[in-house]
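**Q** With the input below, show me the fold.
(one chain, ligands or ions: 3)
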Amino acid sequence: MKVLKFGGTSVANAKNISQVKDIVDQTLGDRLVIVVSALGGITDLLLKTAELAASQDKGYQAILKEIEERHIRTIQDLIPIASQSKVLSKVKSELNILETLLEGAYLIGEITPKLSDKIVSFGELLSSYIISEFFIVSQLDAIYKDSRELIKTNNNYGKGVVNFEVTNSNCQTYFSQSEHRITVLGGFIASSIQGNSTTLGRGGSDYTAAIIAGNMNAEALEIWTDVSGMYTANPKIVKQAVAIPHISYEEAMELSHFGAKVLYPPTIQPVLTKGISIHIKNTFEPQATGTLITKNQNGGGKSVRGISHVENMALVSLEGPGMVGIPGISKRFFEVLSQSNISVVLITQASSEHSICVGIPAIDADKAIEAINEAFEYEISLGKIKPVKAEKDLAIIALVGDNMKSHQGLSGKMFSTLGKNNVNIRAIAQGASERNISAVIKREDVKKALNALHEEFFEENVKQLNLFVMGVGNVGSKFLNQIQQQRKYLKENLMLNIRVIGISNSRTMVFEESGIPLKNWEDLLASGEKADKSKFYDRVQELNYRNSIFVDNTASQEVSNTYSDYLQQSISVVTCNKIACSSEYENYAELKSLARKYNAPFLFETNVGAGLPILDTLKNLIASGDKVLKIQAVLSGSLNFVFNNFNDKVTFHDVVKQAQEQGYTEPDPKIDLSGIDVMRKILILARESGNRLDMAEIENKSFLPEESLDTTNNDDFFASLMKHEDSFQELYKHAADKDSKLKYVAQFEEGKASVGLQEIPKGHDFYNLEGSDNIVLFYTERYPNQPMIIKGAGAGAEVTASGIFADIIRIGNF
Ligand code: ADP
Ligand code: ASP
Ligand code: MG
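**A** Ligands and ions are numbered 1, 2, ... in the order given. As a prediction, the model looks like this:
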């Protein structure tokens, strides 16, 4: 005998049921038992009608109508007209009984668990009857059997406890006498010894199939559902999850206990003792391998086999100073919970016995608190125990695997992955079998936690980085283009999967949870919602993605003010905006310290030398124990461009204009020409070398006339340059006469920094600096005489974008 169970989605409508028939048709074997769920969604609707009727809400009638229509339509679509009337009239008469029951509940304004089970049993009764009739008209040798006549339980309505002895004998008798090859049964429903309808708990059709398989010593149990097996994590939440081909009973049990809904947890017990394998298969993709559940350890030495989670949990802790002295306290605590019919999903107890903490379904939390506080009323009145409270809106996530016990460091890896992603852990439990490690976290963190853990344990180190990009001007747009070009390479070679989830400019912003298609980001952004920096932040926070990175490509003070908010949510910040790092020292230091505290990199390589690896090199020197003695640098690509192109044949004004137009200057060119930009850079270099320095302490010998410095807009600034052309020509001539070139030099030595124009003679390291190139000389304890030199293009949108990109990759490798 083979037992095949088809779940709600598999039998949701006529089309799917036909698919089921094809599968049954192609299954070999002399005896088949087909267990079916209610048509998908019907159980929920039935429960809803009961709830509404009990609260005397006539709305139940509309839902009843919907239930009726779905069944009638399924019959009409499945069964040829000539054979329809018998089936329709049977189903309608059943629905009449259902209607009468609901009317009764409506009139009394109450529903008992017994009546609820009776009402909900109609789902499987009807589906199994309709499917059996369809099989029969399709020429299969099939018969319908009411499973309530086979499976017997106690009176625990809602979740009957199976009487295996009676059930077994019923099954043996029935199947030994049945002459049909195929028997169709409704899952989930049973009856008490007295004959009242009972149910086996939500999702219980799997269990029905396992009970029959166990009793009849079936050769196989197949669970046909809407996914291709038991996955490494819930595939609806973790897109990268994959089906586990082979898994042990115990692993499957743990995974389902902790929420892998694909298998109802009690299902395994009846087949485990008999060694009957369970095969989970996909009705909609029958050729997929699915998951085979058997006795052996099948992971091929793999430690973690799956990650599951249960939502809607609550934590209830019993604690108090006098707890140690109260005898049998845990016994009483658990008795109270069990008497109140509350199932405990997770337990932790501190070794000092000062507290016991349990994870229970949130729906039972209030009931639990009331019962516990009542049971310990006396101890609470004496102050030995604190009145218990429940913490709700929680979830449990569990790592599961038979081989976990032989692998060290798994829990460390689990908790550090969660910590890195700012997921707060409320409680931890490790099963004695060491087959699972579970953690209680906030419900809102589930998606992030699952994806982060999945990435860590299953995705062969492919790391997903989720970017939120603000500013798509010159640099930002180049940056997005570079990502688009490199995505495939990064994924294949660096195992980094970069997705841009949000983009904003000063006018609009756009978000796409699965990643913005970068081919047409411009159109999407243009038709996005109105830009708003704080709403942007709210969205980033709400989305709550792991490895989130905020990228600032603006030059805005306001945007730089938001970095601390991001960092405090463990969201990394990458910026080419120099404002934050050159603001007051306290602010800079605070951002660095937040980055450390929240494990979120704060990177700003492009603040100095655009794409050149200046800060990264400096960081490595310092980290490896070197000490900076002196820094000399030409750090302004813009000023270098200007002075390299300026001579007695062109005007200073025109050269500056050209620099601005080609993107070599800040939008406000005075920031470059006045030396402020260079001051910011040497300040950042000094700070990153470990010095406490502020802008006001930097000496700036400006070459610009006062009048130019005093202008307040670009037009006036350019006009003043024109006016003072003579003085600029004078500077040029003075240097040229000595065969020297003008370079704007920044210097830091013995705690003092200065910037200014210098005449650089032939032979000097700075003399041959071309175009917009930058150069930095680091004199350190290890490089005291011959400095370490970094030189290359130090401005321009393309190189700056690539510097930002490099920071993103650094975070990826972090
Ligand atoms: P059926 O109606 O066929 O019994 P269920 O809805 O009860 O189907 O179970 C299948 C669903 O279980 C899947 O659609 C998926 O959303 C969910 N699920 C949760 N965790 C897992 C997991 N680890 N592997 C596969 N499915 C899972
Ligand atoms: N129909 C029942 C439910 O939805 C049982 C099942 O589908 O397994 O819970
Ligand atoms: Mg199910």
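**Q** Whichever residue of the stretch 451-600 of the chain sits closest to ligand 1: neighbouring residues, count only.
**A** In the stretch 451-600 of the chain, the residue that lies nearest ligand 1 is H454 (10.6 Å; C-beta to the nearest ligand atom). C-beta: built from backbone N, CA, C; applies to glycine. Residues contacting H454 under the criterion other C-beta atoms under 10 Å number 26.
**Q** swap in V540?
**A** Neighbours of V540 (other C-beta under 10 Å): 24.
**Q** Surely E759 forms part of a strand?
**A** Yes: according to DSSP: H, G, I helix; E, B strand; the rest coil, E759 belongs to a strand.
**Q** and it, what is it in contact with?
**A** The neighbours of E759, taking C-beta atoms under 8 Å, 6 or more residues apart in numbering as the test, are 734-735, 738, 740-742.
**Q** Near ligand 3, list only the ones from those residues.
**A** The subset of the contacts of E759 lying close to ligand 3, counting by C-beta under 5 Å from the ion, is empty.
**Q** Now which of those residues would you call buried?
**A** Neighbour-count burial (16 or more other C-beta atoms under 10 Å) applied to the contacts of E759 gives 735, 740-742.
**Q** Pull stretch 275-291 out as PDB, backbone CA atoms only.
**A** In PDB, the C-alpha atoms belonging to stretch 275-291 read as follows (Å, rounded to 0.1, in the frame of the first residue of the first chain):
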ATOM      1  CA  GLY A 275      10.700   2.900   9.200                       C
ATOM      2  CA  ILE A 276       8.400   4.100   6.500                       C
ATOM      3  CA  SER A 277       9.900   6.900   4.400                       C
ATOM      4  CA  ILE A 278       8.100  10.100   3.800                       C
ATOM      5  CA  HIS A 279       8.500  11.800   0.400                       C
ATOM      6  CA  ILE A 280       7.500  15.400   0.100                       C
ATOM      7  CA  LYS A 281       6.600  16.300  -3.500                       C
ATOM      8  CA  ASN A 282       5.300  19.200  -5.500                       C
ATOM      9  CA  THR A 283       1.900  18.700  -7.200                       C
ATOM     10  CA  PHE A 284       2.700  21.400  -9.600                       C
ATOM     11  CA  GLU A 285       6.200  20.200 -10.400                       C
ATOM     12  CA  PRO A 286       6.000  16.400 -10.100                       C
ATOM     13  CA  GLN A 287       9.300  15.800 -11.800                       C
ATOM     14  CA  ALA A 288      11.200  17.700  -9.100                       C
ATOM     15  CA  THR A 289      13.100  15.400  -6.700                       C
ATOM     16  CA  GLY A 290      11.400  16.700  -3.500                       C
ATOM     17  CA  THR A 291      12.600  15.700  -0.100                       C
END
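**Q** which parts of that stretch are buried?
**A** 276-283, 290-291.
**Q** F805 against K478, yeah?
**A** No: the pair F805 / K478 is not scored as a contact, 9.5 Å apart, by C-beta atoms under 8 Å.
**Q** Close to ligand 3: what parts of this structure are there?
**A** Residues of the chain lying near ligand 3 (C-beta under 5 Å from the ion): 7, 203.
**Q** how about a cut-off of 6 Å?
**A** 7, 203, 206, 264 (C-beta under 6 Å from the ion).
**Q** still on that earlier bit, and the buried ones among the contacts of E759 as JSON lines, adding secondary structure and pLDDT?
**A** Output for those, formatted as JSON lines (DSSP: H, G, I helix; E, B strand; the rest coil; pLDDT from 0 to 100):
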{"residue": "A735", "secondary structure": "helix", "pLDDT": "96"}
{"residue": "S740", "secondary structure": "coil", "pLDDT": "95"}
{"residue": "K741", "secondary structure": "strand", "pLDDT": "94"}
{"residue": "L742", "secondary structure": "strand", "pLDDT": "94"}
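**Q** Can you lay out those residues as JSON lines showing distance to G763?
**A** Below are the buried ones among the contacts of E759 laid out as JSON lines (distance: C-beta to C-beta, whole Å):
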{"residue": "A735", "distance to G763": "15"}
{"residue": "S740", "distance to G763": "10"}
{"residue": "K741", "distance to G763": "11"}
{"residue": "L742", "distance to G763": "16"}
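**Q** measure L255 to ligand 2 for me?
**A** Using C-beta to the nearest ligand atom, to the nearest Å, L255 is found at 17 Å from ligand 2.
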